[in-house]
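Novice: Kindly return the folded structure for what I paste below:
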Amino acid sequence: MRIDAHQHYWSIERGDYGWITPDIPVLYRDFLPQHLEPLLNKHQLDGSIVVQAAATLAETDYLLSLCEREASILGVVAWLDLADPEYRSHYERFAKHPKFVGFRTMIQEMPDANAILEPGFVEALTFFAEKGVPVDILVVSHQLEPLVKLLDQVPNLHAVIDHIAKPRIKDGVLEPWKSQMSQIAAYPHIYCKLSGMVTEAEHGNWKAEQFVPYIKHVVEAFGTERIMYGSDWPVSLLAASYDEQVEVLEKALPGTWTEAERERLFGLNAKEFYRL
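Specialist: The predicted structure follows:
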């Protein structure tokens, strides 16, 4: 099974997406399954994991409703506010849906990432770690230090780092991202998505070789059994076409890879991580 492990759908008129404005015309329109289907077919992908793009429970309900008529949606990564006293009841409601596969916490949006070290946040993630619930972590490279400290407290968290933690690809900066990602990779239940990389380079003026050291390090640190391909479509359209972001990844992969290793990256790892 070949899987795009990270993409988004949205309907602008729903009003959930305050970050998508007319000033971003490439994104300011509906993106729905019928728009992605030709791309999935072209790249011989059997389906995708749809990840929340709005910090609302209503958007998760909307994404789960799309599953009822779209077989290509293999799973939905929900939104949960871990500061909400009712987060467990929201999780239990979502978990009743057969296509619910986990939730995402958006450290990226926090003014101070050290908030993830507060007792309530640690307690919430400990609850999900004990249940083995898959967690997507949206984090920016300058926020990795508190994330490493968090994992020290919740070492059994079953999580995946989205977009290789958004390193400063545009500026060619590797450290301290490289060392911190190695620390994170030491936790055996943490995976990493090779996704969202093109938007961290200069839009419209990037070169494929810029991504090689970042991809190489993630592959070496996490190994072939804990990495997964994700397009981050349609957000990736800010910097590249669907074909181009696939090509960036393909060009950076080791030439010595076996077909079995490629199968893990392009589907099997995501299938296992999300327990499809």
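Novice: now the helices: where do they sit in the stretch 151-276 of the chain?
Specialist: In the stretch 151-276 of the chain, the helices defined using DSSP state H, counting those that start in this stretch lie at 177-185, 212-222, 242-252, 259-263, 269-273.
Novice: Please identify the most buried of these.
Specialist: When the helices of the stretch 151-276 of the chain are scored by mean count of other C-beta atoms under 10 Å, the highest mean neighbour count falls to helix 269-273 (a mean of 22). Quick note: C-beta positions are derived from backbone N, CA and C, even for glycine.
Novice: elements contacting that one?
Specialist: The contact analysis (3 or more C-beta pairs under 8 Å, 6 or more residues apart in numbering; DSSP states H and E) places helix 269-273 against strand 3-7, strand 227-229.
Novice: Could you identify which of the ones you listed is most buried?
Specialist: Mean neighbours per residue, mean count of other C-beta under 10 Å, is largest over the helices and strands packed on helix 269-273 for strand 3-7, with a mean of 28.
Novice: In this protein, mark out all the strands, start to finish.
Specialist: When secondary structure is read from DSSP state E, the chain shows strands at 3-7, 47-51, 73-79, 100-106, 135-138, 159-161, 190-194, 227-229.
Novice: With distance to residue 145 and mean pLDDT added, can I get these in CSV?
Specialist: As requested, the strands of the chain are arranged in CSV below (distance: least, C-beta to C-beta, whole Å; pLDDT from 0 to 100):
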stretch, distance to residue 145, mean pLDDT
strand 3-7, 24, 98
strand 47-51, 25, 98
strand 73-79, 25, 98
strand 100-106, 17, 98
strand 135-138, 14, 98
strand 159-161, 14, 98
strand 190-194, 16, 98
strand 227-229, 22, 98
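Novice: Just put the ones you listed in a markdown table and tack on distance to residue 212.
Specialist: A markdown table is the format used below for the strands of the chain (distance: least, C-beta to C-beta, whole Å):
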| stretch | distance to residue 212 |
| --- | --- |
| strand 3-7 | 20 |
| strand 47-51 | 25 |
| strand 73-79 | 28 |
| strand 100-106 | 28 |
| strand 135-138 | 24 |
| strand 159-161 | 19 |
| strand 190-194 | 12 |
| strand 227-229 | 15 |
